[in-house]
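Chemist: Starting from these lines, generate the structure:
(chains A and B)
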Amino acid sequence: MAGIRIQNLKVAMGGAEILRGLDLDITSGEWLNIVGPNGAGKTTLLRAILGSLDYEGSITVDGAVEHPSAGLARSIAYVPQVPVIPPGMLVTDYVLLGRTPHRGAFGADSPNDLAVTAEVLERLDLGSFMTREVRSLSGGERQRVVMARAIAQQTPILLLDEPTTALDLGHQQDMLQLIEELRHERGLTVVATLHDLTLAARFGERLALLDTGRLIQAGRARDVLTVDTIKTHFHANVRIIDDEGGPVVVPA
Amino acid sequence: MTATNTPETFTVSRLSGRQIVIGILVLLAAVMAGLTIGPVDIAPHRVVLELLNGLPGVEIDSGLSEIHQGIIEKIRLPRVVLGVLVGATLSLSGAAYQGAFRNPLADPYLLGIAAGAGLGATIAITSDLGDGAGIFDPVPLVAFVGALIGVAASYMAGHIGGRSTASLVLAGVAVASFLTACQTYVLQANSDAFREVYAWILGRIATSGWSEPMLMLPYFLITVVVVLRHRRALDVLAVGDEEAAALGINPRRIRATVVIAASLGAAAAVSVSGLIGFVGIIVPHTVRLAFGNSNRIVLPLSVLFGGAFMVLADLAARTLVEPAELPIGVVTAFLGAPFFVLVLRSSRREVW
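Modeler: Residues are numbered from 1 along each chain as shown, chains lettered A, B, ... in the order given. This next block holds a predicted model:
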């Protein structure tokens, strides 16, 4: 298990400040959803944690294994909003890519790599798609395949950028439910960006609201999602219905 | 493809023994055709016996006359071996470029290699270097240097423009244009060399004994070892630099290593055989359509099928219009392009 501590994080790209001094603690084993208006810096925050862009400030990942040849890839798995799906690549081969940090760039697949890949395919109900090309799958199936690659990486931390963005309502719920189950089974720390506030409130334990590159508020959904904060930061007029599963945000 | 819900057995793409055997058989068949067919047809079994006789410690009477032995050993064998080396290298380099740049149209001449080699060859042919050297032919060496300068200039210019793949490719275009302009200038001033330079540009697999195959061999080996070692890494690179880095590999270092190794081989191939187009694209794509998309399969099989393809193309080049020879670059494109369209039509696989 591994938590993440972010202190005074600043990121500038193309002369624009995207993140301007952000502090956030993510507890080991929790599911934190990052919400905020477009351009708030949600994706940039994930990419900074991943180490794929230059930043100022500090990000420490507890128990991170900085493997000499694999970097953070044994600690953090990442599902981008729009994953690159190589043409012609089969589902098994794609999920097997998740084993890269364990075998290195040049090593052969160990029996364990193949066993883990097979187990993850089974667990995510992808058994009947194994010899299909990833590109031939529907949006929901494809997203499950991408998730399978991240799970096959066997990292304690999952970073998910809008994991439900291309999915219909049923598949959105299925995907978030799956994430919840996997998190419990495997003791994962999950950090996800979600634009649907109601779903973000329903799944996960905490919300972090970002706007203009700063953390506005982090806490339970009920405390973060108020009519006033949504008006201030999303410029939206909403009503909030208090449902037993969490607050429901509806247009006013 | 049809969706089925029957459970399937778990398999991952990897090079199978069957595929290797098919590749080797095709290569051997092409080599045999190259050795037996020509102005003088020689029976295949006698060729085999003669080749075995050539092995150290083996004494077999092939029943061939000394003239026929000479044709096999001094003329056809070096030419066939050069064809295998050049075809294998160009095909492997093409496959490597396509993987490294994630572009199906990338070919080994992408980064100024062709233009650099062309300029080098033109300078060697038009200046006194070409005559009177006597001992060795300076054209391949100067062309090789030119090709390396072309790649190096593209790489350096690409770095100035940023570190993305696109800036590297654009730099290659700029460098190639510049070098081609230089070549045209040199050629204009020496128009009597036009024919010779033009013939060089169209490509040929011609040997004077074993000097060309020996010149080619070390670069072939370097390219094969380095590129094949990166076959799995290139599959990871297929998901793009950011995701590949998140999977723990260093995309820039891998791309640089693969491209440099592939360029070295392509430069050597160009320097001994001129500009033989199309091979670096057609062979890897045909392999993809026939055997699968993973670089674990495409890279090694491109070596085998590329070698076979070039020997057969050379056979066509020297027999179709006997006693004259066609430029092999014409053959590879003229026969290769329609063949590729046939393969493309008959395959339901998506290649890119």
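
Chemist: Surely A:I240 and A:T229 touch.
Modeler: No: A:I240 lies out of contact with A:T229 (CB atoms under 8 Å); the separation is 10.2 Å. C-betas here are computed from N, CA, C, even on glycine.

Chemist: Comparing those two, which shows the higher neighbour count?
Modeler: The neighbour count for A:I240 versus A:T229, taken as other CB atoms under 10 Å in any protein chain shown, is higher for A:I240 (18 against 15).

Chemist: Got phi/psi on whichever residue of the stretch 151-252 of chain A sits closest to chain B?
Modeler: Of all residues in the stretch 151-252 of chain A, A:Q153 sits closest to chain B, at 7.4 Å by CB to the nearest CB. Note on A:Q153: its backbone torsions stand at phi -70, psi -20 [degrees, to the nearest 10].

Chemist: roughly how far apart are B:L92 and chain A?
Modeler: Here the criterion is CB to the nearest CB, to the nearest Å. By it, B:L92 lies 17 Å from chain A.

Chemist: what's near enough to touch that residue?
Modeler: B:L92 makes contact with B:223-224, B:227-228, B:262, B:265, B:299, B:302-303, B:306 under the criterion CB atoms under 8 Å, 6 or more residues apart in numbering or on different chains.

Chemist: Worst mean pLDDT across the helices and strands of chain B, which element?
Modeler: Least confident helix or strand, chain B: helix B:328-346 with a mean of 82, by mean pLDDT, DSSP states H and E.

Chemist: Pull out the buried residues from that one.
Modeler: B:328-333, B:335-336, B:340, B:343 (16 or more other CB atoms under 10 Å in any protein chain shown).

Chemist: ok, so of those, who is nearest chain A?
Modeler: For these, the minimum distance to chain A (CB to the nearest CB) is 14.5 Å, reached by B:V343.

Chemist: ok so, going back, can you lay out the buried residues of helix B:328-346 as a markdown table showing distance to chain A?
Modeler: Formatted as a markdown table, the buried residues of helix B:328-346 follow (distance: CB to the nearest CB, whole Å):
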| residue | distance to chain A |
| --- | --- |
| B:I328 | 30 |
| B:G329 | 29 |
| B:V330 | 31 |
| B:V331 | 29 |
| B:T332 | 25 |
| B:A333 | 25 |
| B:L335 | 26 |
| B:G336 | 21 |
| B:F340 | 17 |
| B:V343 | 15 |
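
Chemist: Contact partners for the residue of the stretch 151-252 of chain A closest to chain B?
Modeler: When contacts are counted by CB under 8 Å, 6+ apart, A:Q153 touches A:73-74, A:77, A:98-99, A:101, B:247.

Chemist: Nearest to A:K42 among these?
Modeler: Using CB to CB, the shortest approach to A:K42 within these belongs to A:A77, at 17.9 Å.

Chemist: How about the contacts made by the residue lying closest to A:R142 once chain neighbours are set aside?
Modeler: Distances taken as CB to CB, 6 or more residues apart in numbering or on different chains put A:V134 closest to A:R142, at 6.3 Å, once the chain neighbours are dropped. Counting by CB under 8 Å, 6+ apart, A:V134 touches A:85-86, A:89-91, A:94, A:142, A:145.

Chemist: Just the ones in strands from these, please.
Modeler: Judged by DSSP state E, strands contain none of the contacts of A:V134.

Chemist: wait, which of these is closest to chain B?
Modeler: Set against chain B, the nearest of the contacts of A:V134 by CB to the nearest CB is A:P86 (3.7 Å).

Chemist: Apart from its neighbours in sequence, what residue is nearest that closest one?
Modeler: Closest to A:P86 by CB to CB, 6+ apart is B:A238, at 3.7 Å.
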